[in-house]
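Engineer: just the structure for this:
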Amino acid sequence: MAELKALIFDVDGTLADTERDGHRVAFNQAFAEAGLDWVWTIDVYGQLLTVTGGKERIKYYLKHFLPDFTPPTELDSFVAELHASKTEHYKALMVDPGLPLRPGVERLLREAREAGLRLAIATTTTPANVTALLTNSLAEDAEDWFEVIAAGDIVPAKKPAPDIFIWAMEQLGLPPENCLAFEDSDNGVKSVVGAGIRSLLVTVNDYTRDQDFSGATVVIDQLGTDEQPCQLLAGPELIQDRVDLDALHKIHGYAWQ
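Structural biologist: Numbers count the residues shown, from 1 in each chain. Have a look, this model is predicted:
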C-alpha cells in the first residue's frame, strides 16, 4: 500500500466558509466602491460558484446576467481592476470582523504537523487571500505550516482542470499515491481526480451539499470536534465522529488498496 506523506488542501469552503461571508461580501463592496449597482445575493453567488476564479466569475456574470453592459475601459483591464479592489476588501474583512476556520480544521492541521505529514494548498483564489485567511484565522506564522502554496494564476487552467494539483505535487516532489486531498466542491473533485489523486476527502458546505462528488473516497459535513462530531454523507465508514490521523490513514489505504 502507498504511504501517506502529504495533505493537500483547497481553501475556500474547505478551510473556512469564505465564499458566502467573505468573497461575496468583498465583491459587493468593490462594486459599490466602483459606483456599480450590482449586488450579488447569496442565491446569485451560488450560481456564480459554478465558475472558478474571481475574474472569471465577473466575466461570467457580465455575459449571463448583464449582457448589455459596456465596461468603461477594455474588458480585461476593467475586470482586473475590479478584482484587485475586491481582494483588498477581502483582506480587510479577514481582519475585521474576521472569519473562523471550519470545525476541526485547526485541530487536524496541528495533528498532521506534529506527525510529520507534509502540508500543501491547491486553490484558485489569489495568494493574498490565502495569506489573509491563514494569518488572521489560524496563526501569524500559518503560511510557514504549508510547504507549498499553489494559488491563483500560477497555472493557466483553473479547476476543474487538474493543473493546480499537478503543480503542487511537482513542488512537493511526490506522486499522487502519496497524497490525500481535501475539497468541498464538484469542480474541486474533478481537479483532484484528474490529477490522479485517488485519496480524496470532501467536506461539504451549504453551497455544495447537493453537488456530484463522484470520485471522492469519503464525503462528510465537516472534520469534526468533540462538541460537533462529523456526519458521514457518502463512502465507507472509516471515520468515527471526527477526522484524525488514524482516519486519514484509513481513507488513504482504502483509496489505494
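
Engineer: who's in contact with Trp101?
Structural biologist: Actually, residue 101 is Leu rather than Trp. Neighbour list for Leu101: 15-16, 137-138 [criterion: CB atoms under 8 Å, 6 or more residues apart in numbering]. Backbone N, C-alpha and C define where each C-beta goes, glycine included.

Engineer: CSV for those residues, including neighbour count?
Structural biologist: Formatted as CSV, those follow (neighbours: other CB atoms under 10 Å):
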residue, neighbour count
Leu15, 26
Ala16, 21
Ser137, 19
Leu138, 18
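
Engineer: and Val130, how far is that from Asp12?
Structural biologist: Distance, Val130 to Asp12, by CB to CB, to the nearest Å: 9 Å.

Engineer: if you could redo that for Pro127, that was the one I meant.
Structural biologist: Distance, Pro127 to Asp12, using CB to CB: 13 Å.

Engineer: ok, the two, which is more surrounded?
Structural biologist: Taking other CB atoms under 10 Å, Pro127 and Asp12 do not tie; Asp12 has more neighbours (24 against 17).

Engineer: in this structure the more buried one contacts Thr126, no?
Structural biologist: No: counting by CB atoms under 8 Å, Asp12 does not reach Thr126; the two are 10.8 Å apart.

Engineer: identify the contacts common to these two.
Structural biologist: Counting by CB under 8 Å, 6+ apart, nothing touches both Asp12 and Thr126.

Engineer: does His89 touch Gln29 like I think?
Structural biologist: Yes: contact criterion CB under 8 Å: His89 and Gln29 qualify, at 4.3 Å.

Engineer: so in terms of bridging, what pairs with the nearest residue to Leu232 once chain neighbours are set aside?
Structural biologist: In space, Leu232 comes closest to Ile220 once its chain neighbours are excluded; the distance is 5.7 Å by CB to CB, 6 or more residues apart in numbering. With DSSP bridges as the criterion, Ile220 is bridged to Thr203, Leu232.

Engineer: change the start of the numbering to 214 and stick with it
Structural biologist: Yes, from this point I'll number from 214; that puts the last item at Ile433.

Engineer: burial check on Ile433, number of neighbours?
Structural biologist: Residues contacting Ile433 under the criterion other CB under 10 Å number 22.

Engineer: Leu414: what secondary structure?
Structural biologist: Under the three-state scheme (DSSP: H, G, I helix; E, B strand; the rest coil), Leu414 adopts strand.

Engineer: list the contacts of it.
Structural biologist: Contact analysis of Leu414 by CB under 8 Å, 6+ apart lists 393-396, 429-433, 456, 461, 464.

Engineer: just the pLDDT for it.
Structural biologist: If you check Leu414, the pLDDT there is 98.

Engineer: just Phe378 next, same as before
Structural biologist: Note for Phe378: predicted pLDDT of 98.

Engineer: contacting residues for it?
Structural biologist: Phe378 is in contact with 221, 335, 363, 394, 404-405, 407-408, 410, counting by CB under 8 Å, 6+ apart.

Engineer: residues of the host helix or strand of it that come out buried?
Structural biologist: Here Phe378, judged by DSSP states H and E, is contained in helix 376-385. Using 16 or more other CB atoms under 10 Å as the test for burial, helix 376-385 gives 376-382, 385.
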